[in-house]
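>>> Here is a sequence together with a model predicted from it:
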Amino acid sequence: MALRIEDYAIIGDCRTAALIGKNGSIDWLALPSFDSGTCFTALLGKEEHGRWVIRPLSGGRFVGRRYRDQTLILETDFEAPGGRARLIDFMPMGGRTPSVVRIVEGLEGEVRMRSELVVRFDYGSIVPWVRRADGGITAIAGPDALILGTDVECRGENLRTLADFVVRKGERRRFVLTWHHSAAQRPRTRIDAELALESTEKHWREWCGRTKYEGPYQDAVVRSLLTLKSLTYAPTGGLVAAPTTSLPELLGGGRNWDYRFCWLRDATFSLYALLVGGHREEARAWRKWLLRAVAGHPSEMRTMYGLHGERRLPELVLDWLPGYEGSAPVRIGNAASGQHQLDVYGEVMDALHLARRYGLGSDENAWRIERELMRFVAEDWQNPDEGIWEVRGPRRHFTHSKVMAWVAADRAVRAVENFGMQGPVDTWRALRSEIHHDVCERGYDPRRNAFVQAYGSSHLDASLLLIPLVGFLPPNDPRVVGTVEAITNELMHDGFVRRYATETGVDGLEPGEGAFTSCTFWLADNLALQGRRSEAVEVFERLLALRNDVGLLSEEYDPGARRFLGNFPQGYSHVALINTARNLSRRGGPAEDRRTQHT
């Protein structure tokens, strides 16, 4: 039986990541980078599609796990009839090629252990050639090669590499799995597992030492910042939404998407989260990635990009993988990258404005890009689009999209007024006013006293919670208060907010999904801005209680089944946690800052 999504933890090296279950199994590992198909895919298939499990040989049980304080080093404890053992997992930082290190430490008595390595390349479809090497094995197929180095004797059996061993109190057994290009010379020096552990622990603690956050919920914020850092792609500064693909939004259904890309929509919230945490270098790198990615004609701007800024992300179905708990199809690539989503223009303008306000350094191309974006927004804002949720149904005039077009115009005006940038400010002021009037007239339903999902619709949408957060209207405006109340009454179930009613068929997919974690954080932000602090804290702490035993969140939550749904861990969920914690800690948090700067 498959582990629940919340039974996994992440390790990473800011180039790629792995998911490790409570049973000691690495069921997802993409090497050499987040979007590669190399190595372990059992999460979406079966054991024979690739995994690496280390655990007691028989009669053992999981007794607990944790991250070493302020690190991404995972420790998992097992108990067996003969004693207790600990599995230490991490990915070394700063190496030339990505590696996974696993150290088994004896805690009490003696424990018989087994390592079972099933290497399958290209999303579980290719069985590599495996041969013995000094102190381990090598596995090669196509462009990929893996080297396993260990102080335990290995053997081959049924296309698997097995190692049985005993670990006694005070003893340690070491395994190092390293990837390299098969055509390149294999690494000359092997990783020393103990030295790598020491240096990796030092790296993460030094990074956490640069965190500037002060306030309540500090442990949750620091763990979320670490998770966010693990999702950054160091070579380019890009920030992936999640390290996984096709973890379902509905168990057994087809709402399975590839999230191993960089979304423009995440830009402003991610910048705030990094800046709140005091990590300006990561914020600056993300801003630089953003400018490189969006360069070109605005009409050709994508909603998401690859790690290096790639624009073509064709969506393919991997029909040999059955999917997580039978949730098919398994997809790689994302067709939504080619959609027209008006709101991302507002997000880019807002992110670049935020970078300017926080003094992240000037870029001679930034304002030129922003002016080009504004020319396009002025021409396009009255057209329908696919919206924030990337619907697969027909285009609509989504209210949130129009609000974000207003944000684009507003930030352009602010750039001129506050920073002396040169541009047709009177034209932009008129555009801002026109869009504002249009949204209030056509996106608001006076009979419901609420903004609605799309012009002419009567349906609600949790994205409307962003209206006061971006400064479009004050949080205590009666229309905003009515919208928050309506969303609470209709989209909130068992204490958590759904994005919208999927039963309406607006997204062109089968109905049903979990509550979207970020939307519930947005509700807490709204309550805080309205002065309803105790209610905001209640919602926020309910969300904190959702985190798994090592402090991670997925994209969605199923309140009925009480389990995670969607890709994991989800960067956007952790970004929202960081920002909401800051909103609740004192005045001047991201929600209030973003609002007061633009009203």
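Noted; the coordinates are in hand.

>>> got the domain boundaries for the protein?
5-191, 211-591 (automatic domain parsing).

>>> can you put these in CSV and add mean pLDDT and mean neighbour count?
Heads up, the C-betas are built off the backbone N, CA and C, glycines and all. Listed next are the domains of the chain as CSV, based on pLDDT from 0 to 100; neighbours: other CB atoms under 10 Å:
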stretch, mean pLDDT, mean neighbour count
domain 5-191, 95, 20
domain 211-591, 93, 20
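
>>> of those domains, which approaches H203 most closely?
domain 5-191 (4.4 Å; CB to CB).

>>> picking up where we left off before, now render the domains of the chain as JSON lines, adding distance to K202.
Converted to JSON lines, the domains of the chain look like this (distance: least, CB to CB, whole Å):
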{"stretch": "domain 5-191", "distance to K202": "9"}
{"stretch": "domain 211-591", "distance to K202": "15"}
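
>>> Out of those domains, flag the one nearest R205.
Going by CB to CB, the one of these nearest R205 is domain 5-191, 5.0 Å.

>>> Of the domains of the chain, which is nearest S199?
Closest among the domains of the chain, using CB to CB: domain 5-191, at 7.1 Å.

>>> and after the lengthiest helix in the chain, which helix or strand comes next?
Under DSSP state H, the helix in the chain containing the largest number of residues is helix 399-419. Note on helix 399-419: by DSSP states H and E, the next helix or strand toward the C-terminus is helix 425-442.

>>> Contacts only, for L57.
Contact partners of L57, counting by CB atoms under 8 Å, 6 or more residues apart in numbering, are 80, 112-114, 164.

>>> Check the protein for its longest strand and report it.
strand 99-118 (DSSP state E).

>>> end to end, how far does stretch 292-309 reach?
Start-to-end span of stretch 292-309 (CA to CA, to the nearest Å) is 7 Å.

>>> In this structure V497 contacts L523, no?
Yes - shown here, V497 and L523 form a contact pair, counting by CB atoms under 8 Å, at 5.5 Å.

>>> who touches both of those two?
Joint contacts of V497 and L523 (CB under 8 Å, 6+ apart) are 462, 465, 487-488.

>>> first vs last residue of stretch 138-147, how far apart are they?
5 Å.

>>> go on, stretch 471-484?
Stretch 471-484: ends 15 Å apart by CA to CA.

>>> Leaving aside the residues adjacent along the chain, what's closest to C262?
Nearest non-adjacent residue to C262, counting by CB to CB, 6 or more residues apart in numbering: G238, 4.3 Å away.

>>> and I191, what are its phi and psi?
phi -70, psi 130 (degrees, to the nearest 10).

>>> how far away is the nearest residue to it once chain neighbours are set aside from S327?
Leaving aside its chain neighbours, I191 sits nearest to V176 (4.9 Å; criterion: CB to CB, 6+ apart). Distance of V176 to S327, given as CB to CB, to the nearest Å: 33 Å.

>>> now swap in E513 and tell me
12 Å.

>>> list residues touching both of those two?
What both E513 and S327 touch, as defined by CB under 8 Å, 6+ apart, is the set L250.

>>> what comes into contact with stretch 166-176?
54, 83, 85, 99-113, 115, 148-152, 163, 165, 190-191, 193-194, 196.

>>> How far away from the center of its chain is that stretch?
On the basis of CA atoms, centre = their mean, to the nearest Å, stretch 166-176 is displaced by 34 Å from the centre of the chain it belongs to.

>>> Quick one: end-to-end length of it, please.
18 Å.

>>> Next: stretch 22-33.
24 Å.

>>> how far is it from where the chain is centred?
The answer for stretch 22-33 is 17 Å, by CA atoms, centre = their mean.

>>> What of stretch 467-479?
27 Å.

>>> One more: stretch 479-486?
29 Å.

>>> Can you tell me what sits against that stretch?
So stretch 479-486 is contacted by 440, 444, 448-451, 460, 464-465, 467-468, 473-475, 523, 526-527, 530 (CB under 8 Å, 6+ apart).

>>> go with 6 Å
Identification of contacts with stretch 479-486 by CB atoms under 6 Å, 6 or more residues apart in numbering yields 444, 449-451, 460, 464, 467-468, 473, 526.

>>> Now, those that are in strands?
Using DSSP E, those in strands are 444, 450-451.

>>> Columns distance to H203 on top of these, output as CSV?
Listed next are those as CSV, based on distance: CB to CB, whole Å:
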residue, distance to H203
Y444, 51
A450, 49
F451, 46
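
>>> Identify, from these, the entry nearest to N365.
Among these, and counting by CB to CB, the member closest to N365 is F451, at 35.4 Å.

>>> That closest one touches Y444, doesn't it?
Yes - under the criterion of CB atoms under 6 Å, F451 makes contact with Y444 at 5.1 Å.

>>> Which parts of the stretch 101-250 of the chain are helices?
Secondary structure of the stretch 101-250 of the chain (DSSP state H, counting those that start in this stretch): helices located at 121-124, 193-209, 218-230.

>>> just checking, what packs against the longest one?
Counting contacts by 3 or more CB pairs under 6 Å, 6 or more residues apart in numbering; DSSP states H and E, helix 193-209 packs against strand 99-118.

>>> packing partners for the strand it packs on?
Looks like strand 99-118 contacts strand 51-56, strand 83-90, strand 160-168, strand 172-181, helix 193-209 (3+ CB pairs under 6 Å, 6+ apart).

>>> Report the contact partners of the residue nearest to G333 when sequence neighbours are not counted.
Of all residues not flanking G333 in the chain, E315 sits nearest, at 4.2 Å (CB to CB, 6+ apart). With contact taken as CB under 6 Å, 6+ apart, E315 is in contact with 331, 333-335.

>>> Reformat those residues as TSV; add secondary structure and distance to M349.
Putting these into TSV (DSSP: H, G, I helix; E, B strand; the rest coil; distance: CB to CB, whole Å) gives the following:
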residue	secondary structure	distance to M349
R331	strand	31
G333	coil	28
N334	coil	23
A335	helix	25
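
>>> and which of these is nearest W289?
Of the contacts of E315, the one sitting nearest to W289 (CB to CB) turns out to be N334, at 17.8 Å.

>>> thinking again about what came up before, want to throw the helices and strands packed on strand 99-118 into a markdown table with distance to G12?
Output for these, formatted as a markdown table (distance: least, CB to CB, whole Å):
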| stretch | distance to G12 |
| --- | --- |
| strand 51-56 | 16 |
| strand 83-90 | 9 |
| strand 160-168 | 24 |
| strand 172-181 | 14 |
| helix 193-209 | 11 |
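
>>> Of all those, which one comes closest to A30?
That would be strand 172-181 among the helices and strands packed on strand 99-118, by CB to CB, at 10.0 Å.

>>> Walk me through which strands that closest one pairs with, and which way each runs.
Counting by DSSP bridges, the strands paired with strand 172-181 are strand 99-118 (antiparallel), strand 144-150 (antiparallel).

>>> How about residues contacting the longest one?
Contact with strand 99-118 is made by 50-54, 56-57, 80, 82-92, 160-169, 171-178, 191, 193, 196, as judged by CB under 6 Å, 6+ apart.

>>> Excluding residues flanking it in the chain, which one is nearest A409?
R432 (3.9 Å).

>>> Sorry, wrong one. I was asking about R61.
If the residues on either side of it in the chain are set aside, R61 comes closest to E79, at 5.6 Å by CB to CB, 6+ apart.

>>> Quick check: the one you found is in a strand.
Yes - the assignment for E79 is a strand, going by DSSP: H, G, I helix; E, B strand; the rest coil.

>>> if we can go back for a sec, which of the shared contacts of V497 and L523 fall within helices?
Per DSSP H, those map to helices at 487-488.

>>> and which of the shared contacts of V497 and L523 is nearest to Y572?
Using CB to CB, those come closest to Y572 at A462, 13.0 Å.

>>> Please tell me I have it right and G346 contacts A408.
Yes - the pair G346 and A408 passes the contact test of CB under 6 Å, sitting 4.3 Å apart.

>>> I'd assumed H180 was in contact with T97.
Yes - taking contacts as CB under 6 Å, T97 lies within contact range of H180: 5.0 Å.
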